[in-house]
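Undergrad: have a look at this fold, sequence not included:
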C-alpha cells in the first residue's frame, strides 16, 4: 500500500514508518518539524531515506493536497500537545487539521481505503471507579480547592465516599483539559465522517507511550523522559502529588504494532480502541525503576506540587484490542532499559525540567498545595 504518515518524523510516527517499510509498504511523511519536538527545524537522522518526506502543516490545505496524492491509507499522528494555555491552538491543529483531511478526501473523491487517527487515554479524564455504596462512577475533575488541601483521591460524586480505580474501557469518555477535548473531537470527526462517507476509520486511544526518540524538550512527553534526564544529571526525580498515581506506560514498539494491525484488520473499522500495557504502576515506583536502571541511588522528591487538570489514576482496559489478536510484549523494565540506553547516547541530552517548571508555574499549570 501507499501510506501517508502525518507527524512521521515524530516519536510514534517514526516508529510506525519503520514498521511499515519493513512490511514492504511505500511511505510518505508529512511533518512540520515544529518545536518543541523539533528544536532546529531539521529532519531527524532516524527518518529513513526510503520514505518520501514533505514539509508541511496539517492546517494547510495545499499541504494536505500534495500529501494525499496517490495515497491508499493515512496514519494521522500530527498533533499539538503540551500543558500550555494557548487553548485555540489545540483545536486548530488537532481538530481542524483532521476535519480538513476528511474535507479534501470527500471533495476530491479520493480513494482512501483506511484512516487511523491517534487519540489519547486523556479523553477519559479520571476514568472509571467503583464506590462500595454507589457502584461504578466516573468522577469529575478534582477541584482546585481539594487539591490545595492535598486531598488527592477523587471522591464518589454521589455519596462523597472513597472509591477504588478500575481499568477504563472504551464505553465512556470525560475529557477534562484542552488536549483531551481536542483529541476527542478529532475522534468524532474521524469515526462519524468516516461512517457517513464510507471512509473506513479507526481511532486509537494511546496510554502513555514511552521509548527512544521521545523529545527531551516536550513538557507533555511523560515521566520516563523527565525522570531519566533528571537522574542522568544526579538530580532527584520530582513526583507530583504523593507519587501514588496509577498509570500504564506502553512501549512505542507495541503501539506501532497496534497501528499496523488496525490498518490491516477490517474488524477495527469505525471503532475506538485503547492501546495500553495491561498493567498498572505508581509514578513513584516508576521513578525508582528508572533510578535502578541508571544505577543512581537517588530517591524521588515530592514537594507537594500538582498539575491542575491531571488525572489521579488512569489505566486502560485493553480487552477490545486483544480480541483482534494484539498483545503488549514489552515490559516496564524493557521500556526503561531501552530508553536509558538511547538517552545516554544523545548529544543534546540535558535536564529540561527547570525550564518547563518555570513556564508551567508562570501559567498556573503547576501549583503548590498548602
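TA: Good, I have the coordinates. Because the structure is predicted, anything quoted here is derived from the model rather than measured.
Undergrad: poorly predicted segments of the stretch 1-150 of the chain, please.
TA: Residue ranges of the stretch 1-150 of the chain with pLDDT under 70: 83.
Undergrad: any chance you could map the helices in it?
TA: Counting by DSSP state H, counting those that start in this stretch, the stretch 1-150 of the chain has these helices, from start to end: 11-22, 61-67, 87-90, 97-108, 144-148.
Undergrad: same list (the ones you listed) but as JSON lines, adding distance to residue 119 and mean neighbour count.
TA: All C-beta atoms are positioned from the backbone trio N, CA, C, and that covers glycine. Below are these laid out as JSON lines (distance: least, Cβ to Cβ, whole Å; neighbours: other Cβ atoms under 10 Å):
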{"stretch": "helix 11-22", "distance to residue 119": "12", "mean neighbour count": "22"}
{"stretch": "helix 61-67", "distance to residue 119": "20", "mean neighbour count": "16"}
{"stretch": "helix 87-90", "distance to residue 119": "13", "mean neighbour count": "15"}
{"stretch": "helix 97-108", "distance to residue 119": "10", "mean neighbour count": "18"}
{"stretch": "helix 144-148", "distance to residue 119": "26", "mean neighbour count": "14"}
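Undergrad: residue 328: which of those helices is closest?
TA: helix 11-22 (14.5 Å; Cβ to Cβ).
Undergrad: what's the closest one packed up against?
TA: Judged by 3 or more Cβ pairs under 8 Å, 6 or more residues apart in numbering; DSSP states H and E, the packing partners of helix 11-22 are strand 2-6, strand 26-31, helix 252-264.
Undergrad: redo those as JSON lines? Include distance to residue 93 and mean neighbour count.
TA: Compiled in JSON lines, these are given as follows (distance: least, Cβ to Cβ, whole Å; neighbours: other Cβ under 10 Å):
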{"stretch": "strand 2-6", "distance to residue 93": "11", "mean neighbour count": "25"}
{"stretch": "strand 26-31", "distance to residue 93": "13", "mean neighbour count": "24"}
{"stretch": "helix 252-264", "distance to residue 93": "20", "mean neighbour count": "22"}
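Undergrad: nearest to residue 75, of the ones you listed?
TA: Judging the helices and strands packed on helix 11-22 by Cβ to Cβ, what sits closest to residue 75 is strand 2-6, at 4.6 Å.
Undergrad: give the buried residues for stretch 182-193.
TA: Residues of stretch 182-193 classed as buried: 182, 183, 184, 185, 186, 187, 189, 190, 191, 193 (neighbour count, 16 or more other Cβ atoms under 10 Å).
Undergrad: how about the closest residue to residue 31 other than its chain neighbours, what does it touch?
TA: Closest residue to residue 31 apart from its sequence neighbours, by Cβ to Cβ, 6 or more residues apart in numbering: residue 9 at 4.0 Å. Taking Cβ atoms under 8 Å, 6 or more residues apart in numbering, we find residue 9 in contact with 29, 31, 33, 38, 43, 44, 47, 53.
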